[in-house]
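Asker: Mind looking at a prediction? Sequence and model below.
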Amino acid sequence: MGMVVDSISYHKIGSPPDVDTDFPEAVRDAIYYDYLVGEWGRENVAHVTTLGTIQAKKAIDAAAKNYRISVAEATAAKKLLPDKIDGTLADLLASNSEVSAQFDRLKERNPRWEDALKAAVQLEGHVNQYGVHAGAVIISNDSLVNHSPVRWNRQGERMDMVLQYTYQECEALGLIKYDFLGLDTLGILQDAVRYVLDSNDGEGPNLVALAEGDMDDERVYREISSPLTRLACSSLARRITCVNCCAL
């Protein structure tokens, strides 16, 4: 396209580039199992682990249970916290005098909160669960067991290999992360093309010609910019709503 793309210069962004490829959600599994695993081998393709950490409210729950504080009291204590905490629970108690005073009153009514709150502060941020990254895949030219400890994750009748390192740790090992994402929006567009073909006896637009052709069609821009056509970003609403797109 004649454009200079500088965002892949990892010396500026601090990490190696990854490779993003998007597919309709319906074919994502076929891409992974039939193509990637089939092409590179079962031990050369793996998902990536994600780590879940204990958040402030969960830490209060766990600490209260350990110190035999009632569920009702723990629920009341969690309601003292704002919906979003900037920093840690310790930061909040140190910087917000109102919240700190409310917890002081809890300690006066039940001295067990003194130690429970200290325990909650210590628990927050610790890893308490692991999962699988939604789109990240590591591909190697040799078996990935040579690079990372692995675990096997059951997906229906299949067993997927998952590296027990996060993608940041994989990057530190020199492995490149590929993002294979299934997008509902692409499926909607695919369905739209099929509906056009079905309703016109198989006749429809030449998609290759459209992609390579004139991108400055005034009618298209006019229709998209009209209030009758509403587009919702797939990453936010995961849908596209077209009220009047027949002219397209």
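Answerer: Thanks, I have the structure now. Everything quoted here is computed from the prediction, not taken from an experiment.
Asker: Tell me which other helices or strands the top strand by length along the chain touches.
Answerer: Criterion DSSP state E: the longest strand present in the chain is strand 127-139. When contacts are defined as 3 or more Cβ pairs under 8 Å, 6 or more residues apart in numbering; DSSP states H and E, strand 127-139 sits against strand 45-53, strand 158-163, helix 167-172, strand 177-183. C-beta here means a position set from N, CA and C on the backbone, and glycine is covered the same way.
Asker: Rebuild those as JSON lines, extending it with mean pLDDT and distance to E39.
Answerer: What follows is these, written out as JSON lines (pLDDT from 0 to 100; distance: least, Cβ to Cβ, whole Å):
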{"stretch": "strand 45-53", "mean pLDDT": "93", "distance to E39": "8"}
{"stretch": "strand 158-163", "mean pLDDT": "89", "distance to E39": "15"}
{"stretch": "helix 167-172", "mean pLDDT": "87", "distance to E39": "20"}
{"stretch": "strand 177-183", "mean pLDDT": "85", "distance to E39": "13"}
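Asker: Out of those, the one nearest Q129 is which?
Answerer: strand 45-53 (4.1 Å; Cβ to Cβ).
Asker: Alpha carbons only: can I get whichever helix or strand comes after that closest one in PDB?
Answerer: Using DSSP states H and E, the next helix or strand after strand 45-53 towards the C-terminus is helix 56-66. Extracted in PDB, the C-alpha atoms of helix 56-66 (Å, rounded to 0.1, in the frame of the first residue of the first chain):
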ATOM      1  CA  ALA A  56      -9.700  -6.800  46.700                       C
ATOM      2  CA  LYS A  57     -13.300  -8.000  47.300                       C
ATOM      3  CA  LYS A  58     -12.300 -11.600  46.900                       C
ATOM      4  CA  ALA A  59      -9.400 -11.100  49.300                       C
ATOM      5  CA  ILE A  60     -11.800  -9.800  51.900                       C
ATOM      6  CA  ASP A  61     -14.100 -12.700  51.400                       C
ATOM      7  CA  ALA A  62     -11.300 -15.200  51.800                       C
ATOM      8  CA  ALA A  63      -9.800 -13.500  54.900                       C
ATOM      9  CA  ALA A  64     -13.200 -13.100  56.600                       C
ATOM     10  CA  LYS A  65     -13.900 -16.800  56.100                       C
ATOM     11  CA  ASN A  66     -10.500 -17.800  57.500                       C
END
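Asker: What's the first helix or strand after helix 56-66?
Answerer: Next helix or strand after helix 56-66 toward the C-terminus (DSSP H and E): helix 71-78.
Asker: which residues are in contact with the next helix or strand after that following helix?
Answerer: Note on helix 71-78: by DSSP H and E, the next helix or strand toward the C-terminus is helix 89-95. The contact list for helix 89-95, computed with Cβ atoms under 8 Å, 6 or more residues apart in numbering, reads 56, 59-60, 81-82, 85-87, 99-100, 103, 117, 120-121, 124.
Asker: ok, back up a step: and the helices and strands packed on strand 127-139 as TSV, adding mean neighbour count?
Answerer: Shown next, in TSV, are the helices and strands packed on strand 127-139 (neighbours: other Cβ atoms under 10 Å):
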stretch	mean neighbour count
strand 45-53	19
strand 158-163	18
helix 167-172	16
strand 177-183	17
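Asker: Just tell me which of these ends up closest to I31.
Answerer: That would be strand 177-183 among these, by Cβ to Cβ, at 6.1 Å.
Asker: Who are the packing partners of that closest one?
Answerer: Partner elements for strand 177-183 (3+ Cβ pairs under 8 Å, 6+ apart): strand 19-24, helix 28-29, strand 127-139, helix 167-172.
Asker: Now with 6 Å, please.
Answerer: Judged by 3 or more Cβ pairs under 6 Å, 6 or more residues apart in numbering; DSSP states H and E, strand 177-183 is in contact with strand 19-24, strand 127-139.
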